[in-house]
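In: Sequence and predicted structure, then a few things I'm wondering about:
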Amino acid sequence: MIIGIAGIGGIGSNVARHLAQQGISRLKTVDFDRVERANLNRQFYRSSQAGQLKTDALEENLKEIQPTLVVDKINTRITTKNGQAIFNDCRIIIEGFDDPVNKKKFIELFSDTGKILVCASGIAGRDMKNIAIRQVGNCHIVGDFLSDEHDHPLFAPKIGMIAAIMAGIALHYAAHKEKP
């Protein structure tokens, strides 16, 4: 089984780390961006990787954890035109977009597809006591559902906590082969 990860910044790179640590054998990572030093406080990259494609840097880091892990890397911007083709072979998809408009389009693209979609909403700020999980159809959403990075600074422990919960949901479905 392949678990797809759409966007490998703060959420996506940390979900991938948890999945590799737990022994998932194959991931598909998709992102168009490069590693930036300004984001190292919350993303699973090293300062020596600044400027590298995120897909290449993440594969390197994940293989340090699990050398046999197969990582299918795609360096592209995900759109409504290519999204379904990219993740066609994934039963579980992790959404890790920053932009709420693209996040909404991505969720709509995969609603009613039968794929398990795990998303984040409300990952900013230091308040961690209101993190919850909501399920709407095939979509599991984790976060506080209120905070936005435009209004609150990003806080690495909160991002890490949300990513861990998202990885836990993916691992549950990977182990039990349930439908959402």
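Out: Now that the structure is in, tell me what you want to look at.
In: Following the helix or strand bottoming out on mean pLDDT in the chain in sequence, what is the next regular element?
Out: Sorting the helices and strands of the chain by mean pLDDT, DSSP states H and E puts helix 100-110 at the bottom, at a mean of 92. As assigned by DSSP states H and E, the chain's next helix or strand after helix 100-110 is strand 116-120.
In: any idea of the pLDDT on the closest residue to Thr113 other than its chain neighbours?
Out: Excluding its sequence neighbours, the residue lying closest to Thr113 (C-beta to C-beta, 6 or more residues apart in numbering) is Asn138, at 7.0 Å. Backbone N, C-alpha and C define where each C-beta goes, glycine included. Among the per-residue scores, Asn138 shows a pLDDT of 93.
In: go on, Asp98?
Out: 85.
In: Looks like it contacts Ala6 (just checking).
Out: No. Taking contacts as C-beta atoms under 8 Å, Asp98 lies outside contact range of Ala6: 11.5 Å.
In: Those two - which one has more neighbours?
Out: Higher neighbour count among Asp98 and Ala6: Ala6, with 28 against 15, using other C-beta atoms under 10 Å.
In: Going along the chain, name the strands of the protein.
Out: Assigned strands in the chain, in chain order: 2-6, 26-30, 70-74, 90-95, 116-120, 132-136, 139-143 (criterion: DSSP state E).
In: residues touching Asn39, list them.
Out: Going by C-beta atoms under 8 Å, 6 or more residues apart in numbering, Asn39 touches Gly9, Gly10, Tyr45.
In: Out of those, flag the one nearest to Ala132.
Out: Gly10 (18.8 Å; C-beta to C-beta).
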